[in-house]
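> Okay, sequence plus prediction incoming.
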Amino acid sequence: MPTSPTIAEARSTTYLTSRLQNPTPSTSTTPPDFQIPTIDLSPSFSPSLSSRHELALQIHNACLTTGFFCITNHGVSASSRDAILHQASRFTKDLAPEKKEALHLRNSKLGYGWEPGNYTSLAGDVETKEAFNFGYEAGFDSTGGDGAYCNLDGSGPEVEGNWWPAEEDLPGFKEAVGGYYGEVLDLARRLLRVFALGLGVREGYFDGMVTHPGGIVRLLYYPPSKEEEEEEEEEEDIGLGAHSDYECFTILHSSSVPGLEILTPSNTWHRVAPTPNSFIVNVADFLMRWTNGLYKSTIHRVVNRSAEERYSVPFFFSVNYDEVVDTLETCVSKERPKRYGPIRAGEYILERLNTTTKGGKGYFGNEDVFGEKGMS
Ligand SMILES: O=C(O)CCC(=O)C(=O)O
Ligand SMILES: [Fe+2]
């Protein structure tokens, strides 16, 4: 069940303040020791268990340190990757304003639909990004699903499902985004098997927990920078404010325009240079909790400093939302006693989502907070 906005607000503020050691990190250059490893995922297809173990070790090390890594040879087709960016641009540019308005996420309890620019804020930054959010549908799943999907709040898809534009308004949109979703879901499940090996449990340990998994996709648009902002650090327009992600891990695809910045241990923003044909993967909060704080869910943000538009598509992968998850025993030791109790995946994520607001007050379906237009 969603928490009341007041509790959510307090938790959001405390959480982010505790993780942002300095609320305004310096944007000076990255320390030379900070690197996001690039990991070749081809061994995940290998019949050799030792090759898969070697891969798992590389990923495990990245999760213990940066919390971010870049993957190549991931198995997602170039055509689907191109198609999803094209659909993000069609949604942003071709869908009439009144059609977007009809999909406004203020009408959704689960964060689905259209998020206009400036609608949300994170860590006090008003954001310039625009987004369209949707979640799992069995029809996208290459396994066909197990028929047991439930929403973040425990309700079934018949209570609230995705909010799609009408087919005649954006012909072929749902089919294309569904095709991409299915391929990335396959990748996510394969990656989770690699995570299992890295975490010292058997490879199939998590399989039964992702039979109807959570997986929210956002089609994100970041407008071009109004002016050359490279030297004007004070004036920068935040596309997406400093935050960590909420689920198990995120698989991020973006256009070639840079913008993603990662907070380094020395409190500087590391600007990620996009690598062709790759995805960026990052540990999110639920996995951090599940691993007893061993895996790092690293704070990041987006600033589009270029004169070009930027599109990106994160896939936030979670175990089945009705799965009750307790700390992994392999992550508990005498030196690191168990820090967290069991929690239902959807409950945790929904609580976190409800904190992502202008003023931290919770916006999903919450007309009272922002009034009719959802903005103040
Ligand atoms: O657009 C990006 O590169 C990152 C997006 C992101 O961090 C998010 O949506 O949580
Ligand atoms: Fe993120």
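Nice, I can see it. Residues are numbered from 1 along each chain as shown. Ligands and ions are numbered 1, 2, ... in the order given.
> how close does Phe249 get to Glu168?
Distance of Phe249 to Glu168, given as C-beta to C-beta, to the nearest Å: 36 Å. Heads up, the C-betas are built off the backbone N, CA and C, glycines and all.
> more neighbours, these two?
Phe249 (25 against 6; other C-beta atoms under 10 Å).
> Name whatever forms a beta bridge with the more buried one.
Val283, Phe317 (DSSP bridges).
> Helix, strand or coil: sort out Ala62 for me.
Here Ala62 is recorded as helix under DSSP: H, G, I helix; E, B strand; the rest coil.
> For the nearest residue to it once chain neighbours are set aside, give the beta-bridge partners.
Closest residue to Ala62 apart from its sequence neighbours, by C-beta to C-beta, 6 or more residues apart in numbering: Phe69 at 4.0 Å. With DSSP bridges as the criterion, Phe69 is bridged to Val281.
> residues near Phe69, how many?
Using other C-beta under 10 Å: Phe69 sits among 22 other residues.
> wait, isn't it in contact with Gln35?
No. Between Phe69 and Gln35 there is no contact under C-beta atoms under 8 Å: 9.9 Å.
> What distance do you get for the residue nearest to Ala62 to Ser278?
Counting by C-beta to C-beta - Phe69 and Ser278 are separated by 10 Å.
> got any residues that touch both of those two?
Residues within reach of Phe69 and of Ser278 at once, by C-beta atoms under 8 Å, 6 or more residues apart in numbering, are Thr38.
> Now do the same contact list for Gly346.
With contact set as C-beta under 8 Å, 6+ apart, Gly346 has these partners: Cys150, Asn151, Leu152, Asp153, Gly154, Gly214, Ser318, Tyr321, Asp322.
> What's the local residue count around the residue in the chain positioned nearest to ligand 1?
Using C-beta to the nearest ligand atom, the closest approach of the chain to ligand 1 is made by Ser312 at 3.4 Å. As a burial measure, Ser312 scores 27 neighbours (other C-beta under 10 Å).
> The one 3 residues further on too?
With neighbours defined by other C-beta under 10 Å, the count for Phe315 comes to 23.
> where's it, which helix or strand?
strand 310-320 (DSSP states H and E).
> So in that sheet, which strands flank the next helix or strand after that strand, and in what orientation?
Later in the chain than strand 310-320, the nearest helix or strand by DSSP H and E is strand 324-325. Here strand 324-325 is paired, per DSSP bridges, with strand 343-344 (antiparallel).
> Give me the next element, helix or strand, following the partner strand.
Past strand 343-344, the next helix or strand by DSSP H and E is helix 345-353.
> which ones are touching the closest residue to Asn277 other than its chain neighbours?
Of all residues not flanking Asn277 in the chain, Thr72 sits nearest, at 6.4 Å (C-beta to C-beta, 6+ apart). Neighbour list for Thr72: Thr38, Ile39, Asp40, Leu41, Thr275, Asn277, Ser278 [criterion: C-beta under 8 Å, 6+ apart].
> Return the distance of Gly145 relative to Thr211.
7 Å.
> Oh, that last question was meant for Ser333, not what I typed.
Ser333 sits 31 Å away from Thr211, going by C-beta to C-beta.
> Just the endpoints, please. Distance across stretch 189-209?
End-to-end distance of stretch 189-209 (C-alpha to C-alpha, to the nearest Å): 10 Å.
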